[in-house]
Every structure is written in C-alpha cells, then in structure tokens.
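Trainee: predicted model and sequence follow; I will ask about them next.
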Amino acid sequence: MEAVSGDTVTLCYYAAVTPTRTQDSLPTMVLIVLSACFFLVMAVSLMMGPLLVGLSDEFDTSLAMAGQFASANFIGWAIIAPLVGPVSDSYGRRPIALTGLGLITLGLMLSAVSVNYEMMFAFRIVTGLGSGMLPPNSGGVVADLVSPRNRGKYFGRLMGTGIIGAALGAPAAAVLVQVGGWQGSFVAFGALAAVIWMLAWKWYPGTRSSSSDSISLIGRYKQVASKPALWFLFSTNVAQRMVYFAMLSYLAAYLTKEYGMSTKETVLPLVLVGIGAIAGAFAGGIVAGRPSRLSTTMFCFLGGGIASVILFSGGLSEWTVIALALGAACFFSVGWPILTTRLTELSESSPATALGFWASSNQLGAIGGSAIGGLALALGGFSMVGVMCLLAAVVAAAILGLKVPESPDFTR
C-alpha cells in the first residue's frame with residue numbers, strides 16, 4: 001500500500017479510508033489528478049462543435065440531428081450525477097474515479113469506430129455517464145481532506161481548470177479534425193482520458209466520507225433532503241446559473257445582430273468572457289475562506305445582474321458590451337467555489353451526494369437560462385433578456401441572503 005502523509009492525515013491510495021482529521025492543503029499530485037479530471041470532463045463535453053459537419057456527412061443526417069450528439073453527453077451526465085454520490089460517500093472515491101475515467105476512455109474510443117448514428121449517440125451517452133461521475137466524486141475528495149476554511153481555494157482551482165477545459169475543448173477538436181478527421185479527434189481525446197486514468201490509478205486517494213459504514217445509500221438521500229438550507233442553496237444556484245447561461249447563450253447573437261459582427265469576429269469576445277469566468281472562479285476560491293464570503297457572493301450576483309441588463313440595453317459601443325459581459329461572467333463565477341464550499345459544509349457526511357444534486361441544479365440553470373432567455377427575446381427583444389437576467393440575479397441574491405445561514409465557524 002502506498003501512502004502520502006500530510007500534516008494531519010495519511011492518504012491511502014489503494015484502500016478506502018475515512019480521514020479522521022482534515023488538513024489545510026491537498027498533496028500536489030492529488031490536486032493535479034483532480035484538476036485533470038475537471039479539465040477532461042469539460043473538454044470532452046464541449047468538443048463536438050467542430051465535428052458536427054463531418055458527422056452529419058458521415059451518417060447522412062442533418063446538422064441539427066448531428067447536434068444531438070452533444071445533448072447525448074449531457075443526458076448521460078444528468079442520469080448519473082445524482083446516483084453516484086451515495087455510492088462514492090459509502091464505498092470510496094477511488095473506485096468511482098477509475099470507473100468514470102474508464103467509461104470516458106471507452107466511450108471516446110468506441111465513438112471513433114461508430115458506423116451509424118445510433119452507435120455514436122449511445123457511445124456519447126457512455127462518455128456522459130463517465131463524465132458525470134467525476135465532479136461530485138472529486139469534490140468529495142476535497143471535502144474529505146481539506147478543512148472548510150481552505151476548501152474554497154481548491155474548489156476555485158478545480159472550477160477554473162474546468163473552464164479552461166471548456167474553452168480549449170472545441171478549438172483542440174478543430175485542430176485535430178484537420179489532422180485525422182472526426183475519428184482522430186475522438187482517438188486523441190480518448191488517449192488523453194487513458195493517460196489521466198493511469199495518473200488516477202497511481203495518485204487518486206481512496207478516501208470516503210465520515211459515517212460511511214453507518215448510513216445506507218437511501219439514508220444519504222434522506223440526509224441531504226432533510227436540510228432546508230441545502231434546497232435554498234440549490235435554488236440560488238439554479239437562479240444564478242440561469243443568468244450566466246442566458247448571457248452567454250445570447251451574447252454572440254446580440255453582437256452579430258446589433259453590431260454586425262461576423263461569427264468569426266465573436267470568437268474573441270467569447271474568449272474574453274471565458275477569461276473573466278476563470279478569473280472569477282480563482283478569486284472566489286480566495287474569498288471562500290473569509291467571513292464575508294456569502295455577503296460578497298450576494299453582491300456579486302447583483303453586480304452581474306446589473307451588468308447584464310446594461311449590456312443588453314443597446315446604445316453602447318461593442319467593446320463596452322464585451323467589457324460588461326466579461327465583468328458579469330467574473331461576478332457570477334466568484335460565487336461558484338463559495339457556494340460549493342457551503343454545500344459541503346451543510347451536507348455533513350454526504351458531500352458527494354449533495355454535489356450530485358448540485359450538478360443537476362447546474363444543468364437546470366443552463367436549460368432555464370437558454371429557454372427563458374429565448375422566451376424573453378421573443379417577447380421583448382434583447383433588452384428583455386437583460387431584464388430577465390437582472391430579475392433572476394435578484395432572486396438568487398435574495399434567497400442566499402435570507403435563507404442560507406452562514407457556518408458558525410465563519411461567524412465567530
């Protein structure tokens with residue numbers, strides 16, 4: 001058995017152990033492996049865009065139908081994320097991580113040899129199943145090993161790395177498709193997943209939550225469901241994610257329609273918005289260890305909502321709009337590691353279970369932002385999209401400020 005000793009806890013990589021005490025930092029290799037998992041999950045989830053034309057030609061289908069391959073990944077994610085948490089909490093993080101990475105590798109490699117639409121759709125679901133296992137499980141590792149005051153720093157780093165993966169996934173696929181076609185893109189990403197699986201085999205810790213033997217799988221759902229503060233936190237997350245995804249979904253269309261920018265010209269603004277989200281996630285990791293973290297998050301939500309309503313109001317220069325979008329993305333992403341840290345505190349001995357529901361609330365926010373934003377656009381144009389963003393931001397801030405209590409450790 002290989003072990004790495006921290007200041008207050010020993011990590012055993014080949015056996016499920018329950019840490020008796022937390023520490024202030026993660027071992028370097030554990031952080032690298034967790035970050036690689038987040039990077040991979042987001043990259044393979046958003047790699048499909050440059051491949052759709054080739055896939056539609058290969059399978060003799062429309063571009064719209066080929067676009068459903070991206071949806072298939074998120075279907076698998078949505079199915080597995082709420083289910084894997086209790087297993088991770090009870091039986092350990094390491095088996096879930098290796099299974100998830102194995103499914104991603106398998107799904108990507110088999111996608112490369114798909115001969116019809118149905119096979120590709122099925123293998124994208126397999127990839128999504130593996131992807132959905134990793135974020136709740138990896139968040140559980142952080143909750144197992146790191147004290148509450150220092151968790152946010154690591155959640156911020158993991159989320160920032162995930163956003164980088166999301167930003168690089170599609171461009172990397174676009175380069176790879178020029179070299180080896182759409183099959184080559186899947187093989188290359190599958191090879192990356194296999195390398196990360198090997199890193200996880202060596203360094204992914206075999207921790208599990210406290211009370212792992214005394215709570216049944218159903219009991220973990222009951223533990224999470226019995227805490228009203230968690231449901232208010234989920235509601236806050238849905239509302240603020242709606243604003244972020246509505247702004248992100250309609251920004252390019254707004255720049256194209258109102259400012260005459262071509263699709264190619266909107267790439268730089270979207271990259272800048274991504275940089276804002278990365279910066280906000282890392283900054284939120286720092287704020288997450290401070291007593292003012294929830295109030296800071298609340299004001300950031302309001303700031304993001306105000307920036308969104310102004311940028312969609314019209315009459316501004318295009319670079320002012322882009323700057324406001326960058327600011328809005330930064331404001332909202334500040335709250336992500338802070339809310340995730342508070343979630344793991346409220347969930348007590350079932351952090352991965354709660355994080356599975358958290359992943360579902362992220363998806364609900366994405367769906368709601370796109371759908372309600374589209375309705376607002378149809379009813380009142382882009383300015384109405386901005387109003388919707390502001391209202392949702394106010395709802396998120398109000399729920400957080402009125403219904404989510406701060407931890408006693410941060411109020412002393």
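Mentor: Sure, I can see it.
Trainee: so where's the stretch 151-300 of the chain uncertain?
Mentor: 209-214 (pLDDT under 70).
Trainee: swap in 80 and give it another go.
Mentor: Within the stretch 151-300 of the chain, the ranges that satisfy pLDDT under 80 run 208-217, 249, 263-264, 267.
Trainee: what segments of it are helices?
Mentor: 217-225, 228-259, 267-287, 293-311 (DSSP state H, counting those that start in this stretch).
Trainee: need the winner for burial among those.
Mentor: helix 293-311 (a mean of 23; mean count of other Cβ atoms under 10 Å). Every C-beta, even on glycine, is put in place using the N, C-alpha and C of the backbone.
Trainee: circling back: what about the helices of the stretch 151-300 of the chain, which gets the closest to Met29?
Mentor: The closest approach between Met29 and any of those, judged by Cβ to Cβ, belongs to helix 267-287 at 19.4 Å.
Trainee: so that closest one versus helix 228-259, what angle?
Mentor: Computed by axes from the mean of the first three to the mean of the last three Cα atoms, to 10 degrees, the angle separating helix 267-287 from helix 228-259 equals 160 degrees.
Trainee: give me the contacts around helix 267-287.
Mentor: 152-157, 159-160, 163-164, 166-167, 248, 251-252, 255, 261, 293, 296-297, 300, 322, 325-338 (Cβ atoms under 8 Å, 6 or more residues apart in numbering).
Trainee: quick check: PyMOL command selecting the buried ones in these.
Mentor: In PyMOL, this line selects whichever of the contacts of helix 267-287 come out buried by 16 or more other Cβ atoms under 10 Å:
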select buried, resi 152+153+154+155+156+157+159+160+163+164+166+167+248+251+252+255+261+293+296+297+300+322+325+326+327+328+329+330+331+332+333+334+335+336+337+338
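Trainee: grab the nearest non-local neighbour of Val44.
Mentor: Phe189 (5.5 Å; Cβ to Cβ, 6 or more residues apart in numbering).
Trainee: what comes up buried for stretch 176-191?
Mentor: Quick answer for stretch 176-191 (16+ other Cβ under 10 Å): 176-177, 182-183, 185-190.
Trainee: likewise stretch 77-91?
Mentor: The neighbour-count check on stretch 77-91 (16+ other Cβ under 10 Å) flags 77-78, 80-90 as buried.
Trainee: of the residues you listed, which belong to helices?
Mentor: 77-78, 80-90 (DSSP state H).
Trainee: what residue in the protein is the furthest from its centre?
Mentor: Gly315 (33.6 Å; Cα atoms, centre = their mean).
Trainee: in a helix, it, correct?
Mentor: No: with DSSP: H, G, I helix; E, B strand; the rest coil as the criterion, Gly315 is assigned coil and is not in a helix.
Trainee: who touches it in this structure?
Mentor: If you count contacts by Cβ under 8 Å, 6+ apart, Gly315 has none.
Trainee: and it, how far from Leu52?
Mentor: 35 Å (Cβ to Cβ, to the nearest Å).
Trainee: and what of Met388?
Mentor: Taken as Cβ to Cβ, the span from Met388 to Leu52 is 29 Å.
Trainee: these two - which one has more neighbours?
Mentor: Met388 (26 against 18; other Cβ atoms under 10 Å).
Trainee: so the more buried one sits right up against Ala246, yeah?
Mentor: Yes: using Cβ atoms under 8 Å as the test, Met388 is close enough to Ala246 to be in contact (6.5 Å).
Trainee: shared neighbours, these two?
Mentor: 372-373, 376.
Trainee: just the ones of those residues in helices?
Mentor: Those of the shared contacts of Met388 and Ala246 lying in helices (DSSP H): 372-373, 376.
Trainee: JSON lines for those residues, including neighbour count, pLDDT and distance to Gly67?
Mentor: Below are these laid out as JSON lines (neighbours: other Cβ atoms under 10 Å; pLDDT from 0 to 100; distance: Cβ to Cβ, whole Å):
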{"residue": "Ile372", "neighbour count": "18", "pLDDT": "86", "distance to Gly67": "21"}
{"residue": "Gly373", "neighbour count": "26", "pLDDT": "85", "distance to Gly67": "18"}
{"residue": "Ala376", "neighbour count": "22", "pLDDT": "89", "distance to Gly67": "23"}
